[in-house]
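# predicted model follows, preceded by the sequence.
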Amino acid sequence: MIWKDAKAAEQGLLALEDREYARTLLRFFKTGPGEYGEGDRFLGIRVPVLRKHLAFCSGLVQEEILKLLASPWHEVRMFALLLWVERYKAGDGEQRSAIFTDYLARTPFVNNWDLVDVSAPVIVGTHLLERERGLLYRLMESELLWDRRIAMVSTLTLIRKGQYEDALALADLVSSDKEELMHKAAGWMLREVGKKNRAMLEEFLAPRCTRLPRILLRYSIEHFSPEERKSWLAGKPVL
């Protein structure tokens, strides 16, 4: 089967709807009034199912993917991002640059943490591996939560390549962010740093552990022993 354009792809995805699971997702992704996912709509399609259908869109042009990304349905936007991730991985320099540029121009559609987390490390993180990183700090200054999360989560790729400085610097900025989703993202990235270089993580946390948001600190030390976590959370670093 081939989905030749965005309309065909969206209709194909709509046919996979699971209404019962969609109701669960409405609660899980905080779609109520005033919550970060307010107004989002779900079809109830699991990500592995979406991935299985990517091959149906092997010939879809960039313009049609942009239409999918603008869909009101969460899973259709996820599908568009999964397409981009696969094409970025397989693409040449010109193709990668085009995806990177289009992605950054449309971050308001990358508007939940799962959409960010599946796409930012590849499309932004990989792109910046050998490039200047000022973009991450500009995104961190954005009023849009998803821009800031893109900046933080993009450092996952850098961390995996042994480049920790930007993750630490951005996590320090996140310590004054009001959004819990940012605290969780920063804590996650710090934990990844710690898995690679525990001494560097401890050096970062020691002077800050009493003022960091609690959930940020908890996430960052999840891989420590229970006794060590207790001491760090009490403001008594175990070095």
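Now that the structure is in, tell me what you want to look at. Numbering: from 1, shown residues only.
# per-residue confidence for the residue nearest to Y219 when sequence neighbours are not counted?
Residue nearest to Y219 in three dimensions, not counting chain neighbours: G187, with 2.5 Å by CB to CB, 6 or more residues apart in numbering. No exception for glycine: its C-beta is placed from N, CA and C like everyone else's. With respect to pLDDT, G187 scores 98.
# likewise for the one 4 residues further on?
R191 carries a pLDDT score of 98 in this model.
# do the one 5 residues further on as well
The predicted structure scores K196 at 97 on the pLDDT scale.
# then L60?
Model confidence at L60 (pLDDT) stands at 95.
# quick one: it and E86 touch, right?
No: at 11.2 Å, L60 does not count as touching E86 under the criterion of CB atoms under 8 Å.
# shaky segments in the protein?
Applying pLDDT under 70 to the chain flags no residue at all.
# residues contacting the most centrally placed residue in it?
Centroid-nearest residue in the chain, with CA atoms, centre = their mean: D117, separated by 2.1 Å. Contacts for D117 (CB atoms under 8 Å, 6 or more residues apart in numbering) come out as V153.
# with L217 instead?
Per CB under 8 Å, 6+ apart, neighbours of L217: 187, 205, 209, 232-233.
# out of the residues you listed, who's nearest L25?
Ranked by distance to L25 (CB to CB), the contacts of L217 are led by G187 at 23.7 Å.
# tell me the contacts of the closest one?
Counting by CB under 8 Å, 6+ apart, G187 has contacts 171, 215-220.
# phi, psi for it please.
Reported as degrees, to the nearest 10, the phi and psi values for G187 are phi -60, psi -40.
# and the gap between it and R96?
29 Å (CB to CB, to the nearest Å).
# what of S175?
Separation of S175 from R96 (CB to CB) stands at 32 Å.
# neighbour count: those two, which is higher?
The neighbour comparison of S175 against R96 (other CB atoms under 10 Å) goes to R96, with 18 against 15.
# for the more buried one, pull up the helix or strand it's in.
Taking DSSP states H and E as the definition, R96 sits inside helix 93-105.
# what of R51?
Assigned by DSSP H and E, R51 falls in helix 47-52.
# the helix or strand that that helix is followed by vs helix 93-105, what angle?
Proceeding N to C from helix 47-52, the next assigned helix or strand is helix 62-69, under DSSP H and E. Between helix 62-69 and helix 93-105, the angle comes out at 30 degrees (axes from the mean of the first three to the mean of the last three CA atoms, to 10 degrees).
# CA atoms only: put helix 62-69 into PDB for me.
Output of helix 62-69 as PDB, limited to C-alpha atoms (Å, rounded to 0.1, in the frame of the first residue of the first chain):
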ATOM      1  CA  GLN A  62       8.500  17.400   2.000                       C
ATOM      2  CA  GLU A  63       5.500  19.600   1.300                       C
ATOM      3  CA  GLU A  64       3.100  16.700   2.200                       C
ATOM      4  CA  ILE A  65       5.000  15.900   5.400                       C
ATOM      5  CA  LEU A  66       4.600  19.600   6.400                       C
ATOM      6  CA  LYS A  67       0.800  19.200   6.000                       C
ATOM      7  CA  LEU A  68       0.900  16.100   8.300                       C
ATOM      8  CA  LEU A  69       2.800  18.000  10.900                       C
END
